[in-house]
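A.B. asks: show me the folded form of this:
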Amino acid sequence: MSKSDLPRPTDSELSILRVLWRRGPSTVREVLEEMAPGTGYTTVLKFLQIMAEKGLVRRDESRRTHVYRPAASREETQRKLTGDLIKRAFNGSAKSLVLQALSGTKASAEDLAEIRRLLDEIETKKAKR
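C.D. replies: Here you go, the predicted model:
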């Protein structure tokens, strides 16, 4: 299964992926330490087992305690989720997504500067083609 074929993670799976992206390869116990209070060990274990079956995480079984790591980077996952959202909710229009995002929240000056820089970078790349 290629990274582009990975299934869309559920909200609970995304919570676990965020821990793995932040911590790096981790055991069930290490993931559990960063989960919301009240989350049980067996719940985290079951989610990681399901995520391994789905291909969202890779499991290293070479040691007694299994270690899990994300199958895709945070950026790859965000790109896939954003692409899905653009197709489903915005009829394929990235412009509509950006306009909706910027009109719905206050963007910081730093965020706007980064957006301008990225737009300039995209325009420069297109001009060189």
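
A.B. asks: then the helix or strand bottoming out on mean pLDDT in the chain to CSV, C-alphas only?
C.D. replies: Least confident helix or strand of the chain, by mean pLDDT, DSSP states H and E, is helix 94-104 with a mean of 88. What follows is helix 94-104, C-alpha atoms only, in CSV (Å, rounded to 0.1, in the frame of the first residue of the first chain):
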residue,chain,number,x,y,z
ALA,A,94,-8.5,25.2,-3.1
LYS,A,95,-9.4,28.9,-3.3
SER,A,96,-12.7,28.3,-1.6
LEU,A,97,-11.0,26.4,1.2
VAL,A,98,-8.5,29.2,1.8
LEU,A,99,-11.1,32.0,1.7
GLN,A,100,-13.3,30.1,4.1
ALA,A,101,-10.4,29.4,6.4
LEU,A,102,-9.2,33.0,6.5
SER,A,103,-12.7,34.4,6.9
GLY,A,104,-13.6,32.1,9.7
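
A.B. asks: could you list the low-confidence segments of this protein?
C.D. replies: Scanning the chain with the threshold set as pLDDT under 70 gives 1-4.

A.B. asks: what segments of it are strands?
C.D. replies: With DSSP state E, the ranges of strands along the chain come out as 57-60, 67-70.

A.B. asks: can you give me the helices in this structure?
C.D. replies: Counting by DSSP state H, the chain has helices at residues 11-23, 28-33, 41-54, 74-89, 94-104, 109-128.

A.B. asks: TSV please, covering the ones you listed and showing mean neighbour count and distance to residue 64.
C.D. replies: All C-beta spots, glycine's among them, are computed from the backbone N, C-alpha and C. Formatted as TSV, the helices of the chain follow (neighbours: other CB atoms under 10 Å; distance: least, CB to CB, whole Å):
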stretch	mean neighbour count	distance to residue 64
helix 11-23	17	20
helix 28-33	17	12
helix 41-54	16	14
helix 74-89	13	29
helix 94-104	11	45
helix 109-128	10	44
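
A.B. asks: closest to residue 101 out of the strands of the chain?
C.D. replies: The closest of the strands of the chain to residue 101 is strand 67-70. By CB to CB, the value is 24.7 Å.
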